[in-house]
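1. I'd like to go over a predicted model; first the sequence, then the structure.
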Amino acid sequence: MTEDAKRRAARAALAYVTPGAVIGVGTGSTVAQFIAELGPSQVAGAVASSEQTAARLRARGIAVLDLNETGPLPLYVDGADACDPQRRLVKGGGAALTREKIVAAASERFVCIIDPGKRVDRLGGAPLPIEVVPMARELVARTIASMTGGTPVWRAGVTTDNGGWILDVHGLAIGEPEALEAALDQIAGVVSVGLFARRPADVVIVGDDPPWSW
């Protein structure tokens with residue numbers, strides 16, 4: 001079952017946690033399983049990629065720290081909406097992609113935990129989330145449609161922890177993820193793109209029985 005797979009991947013990720021370290025922790029249902037397995041005695045604290053994750057960490061008795069005060073992190077653990085064989089990811093289903101990208105960039109090792117259904121041969125089957133400045137929503141949508149041929153859909157009613165809005169871009173053919181990520185980042189009004197290609201995961205753990213990684 002999917003929840004069992006998420007739990008297996010989460011437990012396997014504990015092997016990458018150095019006792020007493022400060023680590024980065026992502027957002028989502030698989031990461032929630034990781035937090036449930038992470039004891040306050042295992043880490044000195046954590047940098048959270050969302051307010052939701054921060055609340056979960058505090059409920060476990062784990063100190064939530066400011067990235068501006070911690071410096072580089074040895075480890076970041078997060079999930080993904082899709083992962084290709086090169087460990088490039090699509091993220092942002094939980095609308096935390098900007099902070100996730102920041103914490104990933106600040107971390108020496110990025111361990112991605114997924115259930116088997118998130119493995120894909122090629123990115124692009126799932127919509128690509130993009131965080132935008134609210135006033136630029138339609139400008140960004142028109143630009144993306146013209147540039148890529150994809151169809152941006154506003155995720156109405158969702159505001160990120162940064163005060164941004166989310167466009168989910170459907171129908172994208174992502175042949176060159178790094179190039180597409182770079183191009184989308186240049187659009188005025190884009191805050192962050194849910195492609196993690198230029199900084200992919202270093203390790204991906206799949207919650208099969210038994211779990212395996214690459």
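-> Now that the structure is in, tell me what you want to look at. Residues are numbered from 1 along each chain as shown.

2. Need the distance between the two termini of stretch 14-21.
-> 12 Å (CA to CA, to the nearest Å).

3. Over to stretch 62-81?
-> One end of stretch 62-81 to the other measures 26 Å (CA to CA).

4. which stretches of the chain aren't confidently modelled?
-> Scanning the chain for pLDDT under 70 picks out 1.

5. Pretty sure residue 174 sits in a helix.
-> No: according to DSSP: H, G, I helix; E, B strand; the rest coil, residue 174 belongs to no helix; its state is coil.

6. That one and residue 106, how far apart?
-> 25 Å (CB to CB, to the nearest Å). In this view, the C-beta of every residue, glycine as well, is placed from N, C-alpha and C.

7. So those two - more neighbours on which side?
-> residue 174 (22 against 15; other CB atoms under 10 Å).

8. number of nearby residues for the residue lying closest to the more buried one once chain neighbours are set aside?
-> Distance criterion CB to CB, 6 or more residues apart in numbering; nearest residue to residue 174, sequence neighbours excluded, is residue 124 at 3.9 Å. Burial measure for residue 124: 20 neighbouring residues, criterion other CB under 10 Å.

9. Three-state assignment for the residue of the chain most remote from its centre, please.
-> Largest separation from the mean C-alpha position in the chain: residue 146, at 26.4 Å (CA atoms, centre = their mean). Here residue 146 is helix, with the state taken from three-state DSSP.

10. go on, residue 40?
-> coil.

11. ok, now how distant is the closest residue in space to it that isn't next to it in sequence from residue 151?
-> Leaving aside its chain neighbours, residue 40 sits nearest to residue 61 (3.9 Å; criterion: CB to CB, 6+ apart). Per CB to CB, residue 61 is found 44 Å from residue 151.

12. Between the two, tell me which one has more neighbours.
-> The residue with more neighbours, out of residue 61 and residue 151, is residue 151; 15 against 9, by other CB under 10 Å.

13. For the more buried one, which residues count as its bridge partners?
-> Note on residue 151: beta-bridge partners residue 170, judged by DSSP bridges.

14. what about residue 182, neighbour count?
-> Counted with other CB under 10 Å, residues neighbouring residue 182 total 14.

15. can you check the one 10 residues further on too?
-> Residue 192: 24 surrounding residues under other CB under 10 Å.

16. mind checking the backbone torsions on it?
-> Backbone torsions of residue 192, given as degrees, to the nearest 10, read phi -160, psi 150.

17. hang on, it packs against residue 97?
-> Yes: using CB atoms under 8 Å, residue 192 is in contact with residue 97, at 5.3 Å.

18. Touching both of the two, which residues are there?
-> Here residue 192 and residue 97 have residue 131 as joint contacts, going by CB atoms under 8 Å, 6 or more residues apart in numbering.
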